[in-house]
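*Asks:* sequence first, then the predicted structure, then my questions.
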Amino acid sequence: MRILILFFTCALLFSCQQEKKITKPTWLFGKWERVYNETDKGTFEFWENDFSGIGFSLQKNDTVFKEILHIITKNDSLFLQVTGVNENPTLFAFTQQTDTSFTAENKLNEFPTSIHYWKENGQLKATVANDEFSIDFVFNKMK
């Protein structure tokens, strides 16, 4: 009888444990162009299906900004890794995620401390911010 009770107790405990499923944001995939008021400047983000991306700005066909982006899994958590802005790669830990958005944070980074991406009405939107100010981005998908 004790063995039977022990068996059912173990079965109940193991059946209650939820396996943490990591879902990466596939809705980022594609080539995106920022909606701008400036005619001589363009900003782009290109996201590949391996969750690597590149963000860059052109001014009169010269690259004036470039960053390499990766969404990586580390210790069963998602991170946005940004390379090319600082001397070493900067990791932003995912703190919130839905089917069409995510927020990643690194409170030790000077700017930004928070990066929020979301997809809305066919557009990719992003906000980079710290406690003092924020910058909003709106991207249209390129054809």
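*Replies:* Here it is on my side, so go on.
*Asks:* so who does residue 106 touch?
*Replies:* 90, 91, 92, 93, 113 (CB atoms under 8 Å, 6 or more residues apart in numbering). All C-beta atoms are positioned from the backbone trio N, CA, C, and that covers glycine.
*Asks:* buried subset of those?
*Replies:* 90, 91, 92, 113 (16 or more other CB atoms under 10 Å).
*Asks:* give me the pLDDT value at the second one.
*Replies:* Right, the one you point to is residue 91. On pLDDT, residue 91 comes in at 98.
*Asks:* distance of the closest residue to residue 85 other than its chain neighbours from residue 53?
*Replies:* Closest residue to residue 85 apart from its sequence neighbours, by CB to CB, 6 or more residues apart in numbering: residue 67 at 5.2 Å. Distance of residue 67 to residue 53, computed by CB to CB, to the nearest Å: 9 Å.
*Asks:* settle it for me: which of these two has more neighbours?
*Replies:* For residue 67 versus residue 53, neighbours defined as other CB atoms under 10 Å are more numerous around residue 53 (20 against 16).
*Asks:* which of the helices or strands spans the residue nearest in space to the middle of the chain?
*Replies:* The residue lying closest to the centre of the chain (CA atoms, centre = their mean) is residue 80, at 5.0 Å. Taking DSSP states H and E as the definition, residue 80 sits inside strand 77-83.
*Asks:* do residue 137 as well
*Replies:* strand 134-141.
*Asks:* now do that strand: everything it contacts.
*Replies:* So strand 134-141 is in contact with 30-35, 43, 45, 112, 122-129, going by CB under 8 Å, 6+ apart.
*Asks:* inside strands: which ones of those residues?
*Replies:* Of the positions in the contacts of strand 134-141, 30-34, 43, 45, 123-129 sit in strands, assigned by DSSP state E.
*Asks:* which stretches of this protein have low pLDDT?
*Replies:* By pLDDT under 70, the weakly predicted segments of the chain are 1-20, 37.
*Asks:* so what's the residue nearest to the centre of the chain bridging to?
*Replies:* Beta-bridge pairing of residue 80 under DSSP bridges involves residue 71, residue 92.
*Asks:* buried stuff in the strand holding residue 137?
*Replies:* For strand 134-141, by 16+ other CB under 10 Å, it's 137, 139.
*Asks:* okay, that strand in CSV with CA atoms only?
*Replies:* Output in CSV follows, covering the C-alpha atoms of strand 134-141 (Å, rounded to 0.1, in the frame of the first residue of the first chain):
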residue,chain,number,x,y,z
SER,A,134,13.2,57.1,-25.3
ILE,A,135,13.5,56.8,-29.1
ASP,A,136,10.6,55.3,-31.1
PHE,A,137,11.0,53.4,-34.4
VAL,A,138,8.4,52.4,-36.9
PHE,A,139,9.4,50.1,-39.8
ASN,A,140,7.6,49.0,-42.9
LYS,A,141,8.4,45.6,-44.4
